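**Q** After the sequence you'll find the predicted model.
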2 protein chains.
Amino acid sequence: MRLSRYFLPILKENPKEAEIVSHRLMLRAGMIRQQSAGIYSWLPLGKRVLEKVNTIIREEQNRTGAMEVMMPTIQSAELWQESGRYDDYGKEMLRIEDRQKRPMLYGPTNEEMITDIFRGYVRSYKDLPINLYHIQWKFRDEIRPRFGTMRSREFLMKDAYSFDIDREAARHSYNKMFVAYLRTFARLGLKAIPMRAETGPIGGDLSHEFIILAKTGESEVFCHKDFLDFDIPDESVDFDDVSGLEAIVDKWTSLYAATSDMHEASVFESIPESQQVSARGIEVGHIFYFGTKYSEPMGATVTGPDGKEHAIHGGSYGIGPSRLVPAIIEAFHDDNGIIWPESVSPFDLCIINMKAGDGICDDYCQKLYDATQMAGLDPLYDDRDERAGVKFATADLVGVPTQVIVGPRSAANGEVEIKDRKTGERVTVTVEEAVNRLTSGRQE
Amino acid sequence: MRLSRYFLPILKENPKEAEIVSHRLMLRAGMIRQQSAGIYSWLPLGKRVLEKVNTIIREEQNRTGAMEVMMPTIQSAELWQESGRYDDYGKEMLRIEDRQKRPMLYGPTNEEMITDIFRGYVRSYKDLPINLYHIQWKFRDEIRPRFGTMRSREFLMKDAYSFDIDREAARHSYNKMFVAYLRTFARLGLKAIPMRAETGPIGGDLSHEFIILAKTGESEVFCHKDFLDFDIPDESVDFDDVSGLEAIVDKWTSLYAATSDMHEASVFESIPESQQVSARGIEVGHIFYFGTKYSEPMGATVTGPDGKEHAIHGGSYGIGPSRLVPAIIEAFHDDNGIIWPESVSPFDLCIINMKAGDGICDDYCQKLYDATQMAGLDPLYDDRDERAGVKFATADLVGVPTQVIVGPRSAANGEVEIKDRKTGERVTVTVEEAVNRLTSGRQE
């Protein structure tokens, strides 16, 4: 993408309304724009990152055998009356009346609707397990939306729902999502720690929040230090291996980890002091096993091997991509801007033409631009008629991991600079060597 | 995907509520489920097709230089009061009050919001042209939603918005979208004909609808027969070539084509009778040039080369993916079910194991399944414990273009059958030859 043709509205001033660094950087880098309180547009740069996050989430959901669907945003109030949550949900639910005066609502979550889908079709335990998910906009009418897309009213959520014949099978479905979440957050570059959590309005008796440690986190968390070195299950993990998954989950739940809601000081203090981590955290995922809470009132039953009807055992599993983007920025930034993990960077590299219009600079940049695109990479090429300083600042702010700097002096020697955004390290290489380094292993 | 693990709720009976064939087939093939009047969930098979359609739309939008954003579904009423459309829009607009009693609405379209984004950042003609699009859910509270997702209340729309300094530049932006639409529909397997159209609540004085001819179309259309043989611009089309694009658009608008709203019988009758096409059509896209209709009341201006402020000239460009899916089915089906064009088929091939549990059948199916996956294809493998007849009916209903049938008799001879869903032709080949044919050109 040529920056001269890209819609990247960089803000020079620090926006006053932004209280935390991720909100500030997302506004300054032209990733989002507030449309109303707690309601945001994602501009081209932001949309790219959001899609990268969605893709990783989707790949890890699919790996477990979960299947993607798309449920609507607007739901009928009737379903929520069936489950009994219509009145419980309070003012966070955006209630709507359509032109026929029917009571509707903007879905804050989808347990009822997915249970309705399930009961519409599935009759036998032989068709289980089933796990269906979607990545769809939700609305929760927070009284005090803040921190940009970290706590917005309209937000994107991946929510998965599992259906099983009994508690034991449901536990395996829960473990699948637990492991998928470990892998998802690791691929996003995050260290997420599962912590026992309260179940709130979703219900049930088993629940984990996945928390990343960040200075600006919204809540206090407490955990054993060893968590930080636990291995993440690799691609070869077999999601059908019941005891294998159980072992992973057992390990990841073997040590103390709790949010302040669930914190037991006496237990925490029994950990050797050098191993105690007390920090701020950001919740980036939440999983629930709630048994028959929805299936019983809503009549979602299947015939079991015993020939009898059984209410299915369910769980739900949420990740908020529109919250993960700022969470990643909270974890990866410096004074100059964002430092994206490669897996979610909006572009693979940034080519900086220090003197647009200079023959050699233009040639070299074009060569790098073409070669990296041919290799399947996605370069952002700063070809604007701007001062070099402005270009450096832009590149640092938007945080693409690798910069290639083409200036008239080094170009006259056939050379360009490659700069690592994270470390600031620069190496000077020939333009051919730069192409080699950038595309090695990527040429198709 | 193994069908035994896939959520594909096939309906055996014809659903009574479905008036048109696409609605019937989408319900029968387990693609969608109605949640409320005019509000649908997309089940796994439907979601796959919807995503394929989105991908083609996105690729062709990006090719023109348009940039993807994501605007929220919920909008503030204030923006619509600024443009003057808040009162105009009538009961189709879903009006909402949030917990702070602020008037909000579920966006039926986004001219106001995108104009607000534009005016928030862009100051100079040098930053033009800009075209921003998103693929997002919209809501129009139709009094009589029907035909499944063909005319639903909550529907997916790709809407693009262009911003230019004057009418001439805006015309080029319009032409870009015109050509992108020709390419998009052609890639979806559809013959779409651009027809002059009324501009309705969007406004402006230049507009084309893209109409596909289908017996079950909602409206009467009239056009010159030669349209059916016009060439589609290929991948090499240069979207910066002003006169080149103009020539394509001139050609595609040189002959008579009109919906009943714009029909002039006397002009139509002047076409030689053998060249007159009078048919039913389905609108699958609609593009508008509306000049300064939104920029003037909303103050979206830029400084021109003359140093003065100019209200920008705008256009908007819509395609409904959730309507395109049934439109494709209307165009491609037979008595047994859907016949997907390859470009949007939910799977690349369907492997039918006529006798699951039989050693050779299982082996051959597994071999085909593994080899096609290795080659980057996406097979649906019917490994269920069902009668062959049920499997044949399922495969025909879901409409994957190529079926590979593995039965015990031919398998004993080392052979399998490849069936073309569209023509019904079958060829018997060795399993190795089947792998070769299916993966040729796909091996990576």
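**A** Received, thanks.
**Q** where in the stretch 101-250 of chain A is pLDDT low?
**A** In the predicted model, the stretch 101-250 of chain A carries pLDDT under 70 at residues A:202.
**Q** repeat that for 90
**A** Flagging of the stretch 101-250 of chain A using pLDDT under 90 yields the residue ranges A:196-206, A:214-219.
**Q** Tell me which residue in it sits closest to chain B.
**A** A:Tyr121 (3.7 Å; C-beta to the nearest C-beta). No exception for glycine: its C-beta is placed from N, CA and C like everyone else's.
**Q** Now that residue: closest residue in space that isn't a chain neighbour?
**A** Closest residue to A:Tyr121 in three dimensions, ignoring its sequence neighbours and counting by C-beta to C-beta, 6 or more residues apart in numbering or on different chains: B:Pro9, at 3.7 Å.
**Q** Distance check, the residue of the stretch 101-250 of chain A closest to chain B against B:Glu17.
**A** Using C-beta to C-beta, to the nearest Å, A:Tyr121 is found at 16 Å from B:Glu17.
**Q** what about the two, which has more around it?
**A** A:Tyr121 (16 against 10; other C-beta atoms under 10 Å in any protein chain shown).
**Q** give the contact list for that one.
**A** By C-beta atoms under 8 Å, 6 or more residues apart in numbering or on different chains, the contact list for A:Tyr121 reads B:7, B:9, B:30.
**Q** Same list, those residues, but as JSON lines with neighbour count and pLDDT please.
**A** Below are the contacts of A:Tyr121 laid out as JSON lines (neighbours: other C-beta atoms under 10 Å in any protein chain shown; pLDDT from 0 to 100):
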{"residue": "B:Phe7", "neighbour count": "21", "pLDDT": "98"}
{"residue": "B:Pro9", "neighbour count": "19", "pLDDT": "97"}
{"residue": "B:Gly30", "neighbour count": "21", "pLDDT": "98"}
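**Q** now, among those, which is nearest to chain A?
**A** Using C-beta to the nearest C-beta, B:Pro9 is the member of these that lies nearest chain A, at 3.7 Å.
**Q** Confirm for me that the closest one is in contact with B:Leu43.
**A** Yes: using C-beta atoms under 8 Å, B:Pro9 is in contact with B:Leu43, at 6.8 Å.
**Q** Mind listing the shared neighbours of those two?
**A** By C-beta under 8 Å, 6+ apart, the residues touching both B:Pro9 and B:Leu43 are B:Gly30.
**Q** one step back: any chance of TSV for the contacts of A:Tyr121, columns distance to B:Met104 and secondary structure?
**A** What follows is those, written out as TSV (distance: C-beta to C-beta, whole Å; DSSP: H, G, I helix; E, B strand; the rest coil):
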residue	distance to B:Met104	secondary structure
B:Phe7	35	coil
B:Pro9	35	coil
B:Gly30	35	coil
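**Q** Those residues into CSV, with extra columns for distance to A:Glu218?
**A** Compiled in CSV, these are given as follows (distance: C-beta to C-beta, whole Å):
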residue, distance to A:Glu218
B:Phe7, 36
B:Pro9, 41
B:Gly30, 41
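**Q** Show me what the lengthiest strand in chain A packs onto, helices and strands only.
**A** Assignment by DSSP state E gives strand A:276-291 as the longest strand of chain A. Here strand A:276-291 touches helix A:167-187, strand A:192-196, strand A:206-213, strand A:219-224, helix A:265-269, strand A:313-319, helix A:321-331, going by 3 or more C-beta pairs under 8 Å, 6 or more residues apart in numbering or on different chains; DSSP states H and E.
**Q** Turn those into CSV, including distance to A:Arg58.
**A** Output for these, formatted as CSV (distance: least, C-beta to C-beta, whole Å):
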stretch, distance to A:Arg58
helix A:167-187, 10
strand A:192-196, 18
strand A:206-213, 17
strand A:219-224, 28
helix A:265-269, 36
strand A:313-319, 11
helix A:321-331, 10
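**Q** And for the residue nearest to A:Gly291 when sequence neighbours are not counted, the neighbour number?
**A** With sequence-adjacent residues excluded and distances taken as C-beta to C-beta, 6+ apart, A:Gly291 is closest to A:His313, at 5.2 Å. Look at A:His313: counted by other C-beta under 10 Å, it has 26 neighbours.
**Q** Could you report the separation of the spatially closest residue to A:His172 that is not a sequence neighbour from A:Ile248?
**A** Leaving aside its sequence neighbours, A:His172 sits nearest to A:Val242 (C-beta to C-beta, 6+ apart; 5.2 Å). Going from A:Val242 to A:Ile248 by C-beta to C-beta gives 11 Å.
**Q** who's more crowded, those two?
**A** More neighbours surround A:Ile248 than the other of A:Val242 and A:Ile248, with 19 against 15 (other C-beta under 10 Å).
**Q** check which helix or strand covers the more buried one.
**A** If you go by DSSP states H and E, A:Ile248 is part of helix A:242-252.
**Q** could you check the angle strand A:206-213 makes with that helix?
**A** With axes from the mean of the first three to the mean of the last three C-alpha atoms, to 10 degrees applied, the angle from helix A:242-252 to strand A:206-213 works out at 50 degrees.
**Q** quick one: contacts of helix A:242-252?
**A** Contacts for helix A:242-252 (C-beta under 8 Å, 6+ apart): A:171-172, A:175-176, A:178-179, A:182, A:194, A:227, A:230, A:233, A:237-239.
**Q** what's the average pLDDT for the helix or strand that that helix is followed by?
**A** Downstream of helix A:242-252, the first helix or strand assigned by DSSP H and E is strand A:257-259. Across strand A:257-259, the average pLDDT comes to 91.
**Q** and if you look at stretch A:371-379?
**A** Here the average pLDDT along stretch A:371-379 is 96.
**Q** Which residues in it does the neighbour count mark as buried?
**A** A:371-372, A:375, A:377, A:379 (16 or more other C-beta atoms under 10 Å in any protein chain shown).
**Q** what do you get for stretch A:387-399?
**A** By 16+ other C-beta under 10 Å, the buried positions in stretch A:387-399 come out as A:391-399.
**Q** taking the residues you listed one by one, which sit in helices?
**A** Counting by DSSP state H, those place A:391-398 in helices.
**Q** Run a quick check on A:Trp414 versus A:Thr428, I expect a contact.
**A** Check again: residue A:414 is Gly, not Trp. No: between A:Gly414 and A:Thr428 there is no contact under C-beta under 8 Å: 10.4 Å.
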